[in-house]
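Chemist: Have a look at this prediction, sequence included:
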Amino acid sequence: MTAYVIMIRDRITDPAEMAIYAELARKARGDNPPRQLAFYGAHEALEGPGADGIVILEFDDMDHARAWHGSPAYQEAMKHRQLGADYRVLLVDGVKPQA
């Protein structure tokens, strides 16, 4: 079943680290790259706190999402993201399409 990684950026603390992250994250897409459904586009908070930026990535299933996130290449990139910004990252299982 389709799964989604939702990345919510609350604030950038080090733009130089974020630039390194962006470069490394592009290289960490792997053999089964995620599909970008939203990528830092316009957004608004309808309820709750807002965000500085939002990314929604679609994967074939939870296992593919975990494999991407846990891959050595993404783990290296993630170190720079964590140094460069405050994020919340969520993994969400999709719903089975209704007949």
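Modeler: Nice, I can see it.

Chemist: residues near residue 77, how many?
Modeler: 20 (other Cβ atoms under 10 Å). The way it works is simple: take the backbone N, C-alpha and C, and place the C-beta from them, glycine included.

Chemist: swap that for residue 80, sorry
Modeler: Counted with other Cβ under 10 Å, residue 80 comes out at 20.

Chemist: who touches it in this structure?
Modeler: 17, 18, 20, 21, 24 (Cβ atoms under 8 Å, 6 or more residues apart in numbering).

Chemist: ok, 6 Å please
Modeler: 17, 20, 21 (Cβ atoms under 6 Å, 6 or more residues apart in numbering).

Chemist: got a list of contacts for the helix or strand harbouring the second one?
Modeler: Element membership of residue 20 [criterion: DSSP states H and E] is helix 15-27. Outside helix 15-27, the residues that touch it by Cβ under 6 Å, 6+ apart are 12, 76, 77, 80, 81, 83, 84, 85.

Chemist: Would you write a ChimeraX line that selects the buried entries of these?
Modeler: If you want just the buried ones from these in ChimeraX, going by 16 or more other Cβ atoms under 10 Å, the selection is:
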select :77,80,81,84,85
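
Chemist: Of the contacts of helix 15-27, which is the nearest to residue 56?
Modeler: Using Cβ to Cβ, the shortest approach to residue 56 within the contacts of helix 15-27 belongs to residue 81, at 16.1 Å.

Chemist: Confirm that the closest one sits in a helix.
Modeler: Yes. Using DSSP: H, G, I helix; E, B strand; the rest coil, the assignment for residue 81 is a helix.

Chemist: what residues are up against it?
Modeler: residue 21.

Chemist: what's the helix or strand containing residue 38 in contact with?
Modeler: Using DSSP H and E, residue 38 sits in strand 35-39. Residues outside strand 35-39 that contact it (Cβ under 6 Å, 6+ apart) are 54, 55, 56, 58.

Chemist: ok, of the residues you listed, which one's closest to residue 64?
Modeler: residue 58 (9.8 Å).

Chemist: What angle do helix 15-27 and the helix or strand hosting that closest one make with each other?
Modeler: Using DSSP H and E, the element containing residue 58 is strand 53-59. Orientation of strand 53-59 against helix 15-27 (axes from the mean of the first three to the mean of the last three Cα atoms, to 10 degrees) gives an angle of 20 degrees.
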